[in-house]
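Trainee: Next input, structure requested:
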Amino acid sequence: MVQVRMFSVSIWLGILVAYIFFTAERPALAADFQLAERDVLHTWWHSNAQWDEPAPLPRDRVRRSGSYHVRVGLVDEPGLAYDSFTYCSVPRSGMPAGAGLEADGAEFASQNGLSMSWSSFRYGRDVFVYVKRLQSTIPPAAGVVIRPTNLELKAEQVDAYTVRIKVPYRAAGQRFSVEFADDLFTSRLADDGSLGTRDGRSIHQEPRHALLIFANPMADGQMAETRPDPSAADVWSPPPGELDIQAMEGYRVVYFAPGTYALPPASHGYLPASIEWLYFAPGSYVRAAFEFRGERSAYKVTGEGVLSGEDYEYEADRRFGYKRTLASECHATCVKMLQFFSRDWPQSLLLQGVTLANPPYHSFVVYGDRQSFAIQADNFKQVGAWYWQTDGIELTEHSTMQHVFLHANDDALKLYQGDIKVEDVVVWKGENGPVIQFGWFPRSFANVHVKDLTVIHNRMFWPNFIHNHCLINSALDYRDPSSLHMADTSQTIRNLLLENIRSEGQNLCAMRLYALSNWENIRIKNLWIESWNQLSAIDQQSQLKRTAQPDGQQVRIGQGAETGLIIEQYRIGTERVSRDLNNWQAEQLGRLSFDAELWGSWDLR
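Mentor: From the prediction side, this is the model:
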């Protein structure tokens, strides 16, 4: 069951809630409230919660953080604050590693007891977010950091266990990490090549028990677009509990009201052709994965609820009873949390507000004609991406993405099509893959703009020039990554702008770029890296290479007025990297090791 609350001011309730806030170890539950457009704060609670011990939960339960408790109150209503449920994800959702199978990417996180908690709420005015630690006191002054640091949010200590953070209202919402100094650990690369925390060279520092805050805008002006009427004749509201996909037949919309839902074991939601909209109300928690038929012209997946893949193991293959197998590659048959199929006529998807948790594989895939399927992603969140191949969103032609948080253990932002705009993205990266990816296969696209992307953590550590790594990457051809002869000179990438890219903490490398197509006007502007990790300068080198077709003909990387790659305002810490300062080379601060034959094809300004 879920308790959902919409709040207005009353003196007696304020006194009661204030008393609970400062005295109760576990929050009391309020009565149900009906949704009202005039309200400016909305939090929710799950009464069927279970603490975050690292074991699979019963299918009617929701995992609650054992490290943090969050409350939220309006700044202009002092002394009044409300419980905001703090969810938690643990590696493999507590399931054991597959016996006799290859690694799944969750080994480091599992062995070191990592977890990721988050709390979401809707707000329309400035708020205070109160964070109470349940296992330990607050560290000394300056022991709490909010990332991204350029948000300039500050934590103020309330008592020995609690801090509060003033969060100004933004129409774009706010997405940030609250980090306590005594919870931080350093990942290290040992001499034998293994990643651990005790011995070896420092890779990156991050929280052991992460806490993310998602402040979602009320967006009342978009309510009709993002929230269906549950009483409409074409809307199906399933009862909480086990989902019956066949009962959705003939409806247009599935409305998940507050509550906990789960598909039957060993299944995924292959939706009826009539379904075009999944709505996850605040306080809904749905343990499932959904596949759309591809018959509709406009799709929507909206709401501030949670879609969790915790019941699926890594690479859960539909051909083998939703189990992992090493029998064959399963890109087409492994479960994806959201799967679409595009026809050869115009289609669209609105992806708004939803939190996608615990993906077992690629979280979001569009098959078919990607040039006729436009995505608008807004205020989307992905958390608990412990496994390898838990990519972020692959944007299709004519798509936009803004105000997004991505926890990913593979390519976080995939740019394979043209006419794409991305803005205001926060990324938390695992060990595998780069942050931005636009390679893997010869491609033609143009006019892509990524702006204001911040990496708050990354655990990339692979030495020896792994080709599909770094903050920015164009990987070698997936069909034969050992070959430099898989290019296609009939393909061209032009007018790609990556602007205001920030990466906090220690980092492995800036860019590894292998051109599989002709390149024209690839620009990287305002790239800031806080510091390098402790691997050698050789391991940290950026690369730029031109590849060739099987017949030996090389792709063209523009020169002169059509320079192929332009890097502007590249900084490491407080120092600028430039040709004039002579600090760009492989062994110098900039770590740029570009092929000598390409000298006229790139510029550093």
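
Trainee: Now do the helix or strand that contains Leu527: which elements does it pack against?
Mentor: Assigned by DSSP states H and E, Leu527 falls within strand 518-532. Other helices and strands packing on strand 518-532, by 3 or more C-beta pairs under 8 Å, 6 or more residues apart in numbering; DSSP states H and E, are strand 492-507, strand 565-572. Where C-beta positions appear, they are placed from N, C-alpha and C, glycine not excepted.

Trainee: Reformat those strands as CSV; add mean pLDDT and distance to Ala155.
Mentor: Shown next, in CSV, are the helices and strands packed on strand 518-532 (pLDDT from 0 to 100; distance: least, C-beta to C-beta, whole Å):
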stretch, mean pLDDT, distance to Ala155
strand 492-507, 98, 17
strand 565-572, 97, 27
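
Trainee: now those strands as TSV including mean neighbour count?
Mentor: Converted to TSV, these look like this (neighbours: other C-beta atoms under 10 Å):
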stretch	mean neighbour count
strand 492-507	21
strand 565-572	19
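
Trainee: Distance to Leu604 added to the ones you listed, as a markdown table?
Mentor: Converted to a markdown table, those look like this (distance: least, C-beta to C-beta, whole Å):
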| stretch | distance to Leu604 |
| --- | --- |
| strand 492-507 | 15 |
| strand 565-572 | 5 |
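
Trainee: Select, out of these, the one closest to Phe461.
Mentor: strand 492-507 (9.9 Å; C-beta to C-beta).

Trainee: relative orientation of that closest one and strand 518-532 in degrees?
Mentor: 10 degrees (axes from the mean of the first three to the mean of the last three C-alpha atoms, to 10 degrees).

Trainee: So which other helices or strands are in contact with strand 492-507?
Mentor: For strand 492-507, the packing partners by 3+ C-beta pairs under 8 Å, 6+ apart are strand 201-207, strand 445-458, strand 518-532.

Trainee: That one pairs with which strands, and in what direction?
Mentor: Next to strand 492-507 in the sheet, as set by DSSP bridges, lie strand 445-458 (parallel), strand 518-532 (parallel).

Trainee: Please point out which parts of the longest one sit buried.
Mentor: By neighbour count, with 16 or more other C-beta atoms under 10 Å as the criterion, the buried positions of strand 518-532 are 518-525, 527-530, 532.

Trainee: Report the angle between that strand and strand 565-572.
Mentor: Using the same axes, to 10 degrees: strand 518-532 against strand 565-572 is 0 degrees.

Trainee: domains of the chain?
Mentor: 2-217, 433-605 (automatic domain parsing).

Trainee: re the thing from before, how about the helices and strands packed on strand 518-532, which one is nearest Asp378?
Mentor: Closest among those, using C-beta to C-beta: strand 492-507, at 19.0 Å.

Trainee: can you give me the angle that closest one makes with strand 201-207?
Mentor: Inter-element angle recorded for strand 492-507 and strand 201-207: 90 degrees (by the same axes, to 10 degrees).

Trainee: List the contacts of Ala190.
Mentor: 196, 199-200 (C-beta atoms under 8 Å, 6 or more residues apart in numbering).

Trainee: What ranges in the stretch 151-300 of the chain fall below the confidence cut-off?
Mentor: The model of the stretch 151-300 of the chain has pLDDT under 70 over residues 220-222.

Trainee: All the helices of it, in order from the start?
Mentor: Remark: helices assigned in the stretch 151-300 of the chain by DSSP state H, counting those that start in this stretch are 223-226.

Trainee: So Leu527 is in contact with Ile501, correct?
Mentor: Yes. Using C-beta atoms under 8 Å as the test, Leu527 is close enough to Ile501 to be in contact (4.9 Å).

Trainee: and for the two, which residues touch both?
Mentor: With C-beta under 8 Å, 6+ apart as the test, Leu527 and Ile501 both reach 471-472.

Trainee: partner residues bridging the residue nearest the centre of the chain?
Mentor: Nearest to the geometric centre of the chain sits Leu406, at 1.2 Å (C-alpha atoms, centre = their mean). Beta-bridge pairing of Leu406 under DSSP bridges involves Gln382, Val427.

Trainee: Next one: the closest residue to Thr325 other than its chain neighbours relative to Ser267, how far apart?
Mentor: Nearest residue to Thr325, sequence neighbours excluded (C-beta to C-beta, 6 or more residues apart in numbering): Asp317, at 5.7 Å. Distance, Asp317 to Ser267, using C-beta to C-beta, to the nearest Å: 13 Å.

Trainee: circling back: out of the helices and strands packed on strand 518-532, which comes closest to Glu291?
Mentor: Of these, nearest to Glu291 by C-beta to C-beta is strand 492-507, at 30.8 Å.

Trainee: Show me what the helix or strand just after that closest one is packed up against.
Mentor: Once strand 492-507 ends, the next helix or strand along the chain (criterion: DSSP H and E) is strand 511-515. Helices and strands touching strand 511-515, as assessed by 3+ C-beta pairs under 8 Å, 6+ apart, comprise strand 472-474, strand 542-546.

Trainee: what lines up beside strand 511-515 in the sheet?
Mentor: For strand 511-515, pairing defined by DSSP bridges yields strand 472-474 (parallel), strand 542-546 (parallel).

Trainee: which one of these is the most hemmed in?
Mentor: strand 472-474 (a mean of 25; mean count of other C-beta atoms under 10 Å).

Trainee: circling back to that earlier point, distance to Gly250 added to the domains of the chain, as CSV?
Mentor: CSV is the format used below for the domains of the chain (distance: least, C-beta to C-beta, whole Å):
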stretch, distance to Gly250
domain 2-217, 26
domain 433-605, 39
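
Trainee: Quick check: which of the strands paired with strand 511-515 is nearest to Pro282?
Mentor: Using C-beta to C-beta, the nearest of the strands paired with strand 511-515 to Pro282 is strand 472-474, at 35.7 Å.
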